[in-house]
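> model the following, please.
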Amino acid sequence: VQFVESGGGLVPPGGFLTLSCAATGFPYSPFSSYSMSWYRQVPGKERESVAVITGDSDVHGYADSVKGRFTISRDNAKNTVYLQMTGLKPEDTALYYCNAAVPFDSWGQGTQVTVSS
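Numbering: from 1, shown residues only. Below you'll find the model as predicted:
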């Protein structure tokens, strides 16, 4: 399985970004059958899940720290997952990854989000 994340950047507090993740090579079952998550990691801390979406997009879940500010979505025709981020805070600064909700061993390079004035 391969994940390619993009869309990160440097934004001021209160700013917004939309991240994308293109996924390929799912074994046994199509992309649409997997619940997908966005994760983030800062140096010295464990990677944490911030958002999850079911295969049919019916159910979304968010970490308390991002609830009301982040929105996860997906396009199964494009094997792509998105993360719309608004009201960004300095504490959202991290390297963002996508993977299945029960993650595969392989991870992409991630996309860096830096929130700073």
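
> immediately after the one helix or strand in the chain whose mean pLDDT sits lowest, which helix or strand?
Scoring the helices and strands of the chain by mean pLDDT, DSSP states H and E places strand 60-62 at the bottom, with a mean of 93. Per DSSP states H and E, the first helix or strand lying C-terminal to strand 60-62 is strand 70-75.

> mind listing what's buried in that following strand?
For strand 70-75, the neighbour count (16 or more other C-beta atoms under 10 Å) marks 70, 71, 72, 74 as buried. C-beta here means a position set from N, CA and C on the backbone, and glycine is covered the same way.

> before we move on, what about stretch 41-50?
Buried-residue list, stretch 41-50, by 16+ other C-beta under 10 Å: 47, 49, 50.

> again, but for stretch 31-44
Buried, per 16+ other C-beta under 10 Å, within stretch 31-44: 31, 32, 34, 36, 37, 38, 39, 40.

> go through these and name the one nearest residue 58.
residue 32 (12.1 Å; C-beta to C-beta).

> quick check, central residue of the protein?
Nearest residue to the geometric centre of the chain (C-alpha atoms, centre = their mean): residue 38, 2.6 Å.

> what sits against that one?
19, 21, 49-52, 70, 72, 81, 83, 96-98 (C-beta atoms under 8 Å, 6 or more residues apart in numbering).

> in a markdown table, list the residues you listed along with pLDDT and distance to residue 117.
Converted to a markdown table, the contacts of residue 38 look like this (pLDDT from 0 to 100; distance: C-beta to C-beta, whole Å):
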| residue | pLDDT | distance to residue 117 |
| --- | --- | --- |
| 19 | 98 | 21 |
| 21 | 98 | 27 |
| 49 | 97 | 28 |
| 50 | 98 | 22 |
| 51 | 98 | 25 |
| 52 | 97 | 31 |
| 70 | 98 | 20 |
| 72 | 97 | 27 |
| 81 | 98 | 29 |
| 83 | 98 | 22 |
| 96 | 98 | 20 |
| 97 | 98 | 25 |
| 98 | 98 | 28 |
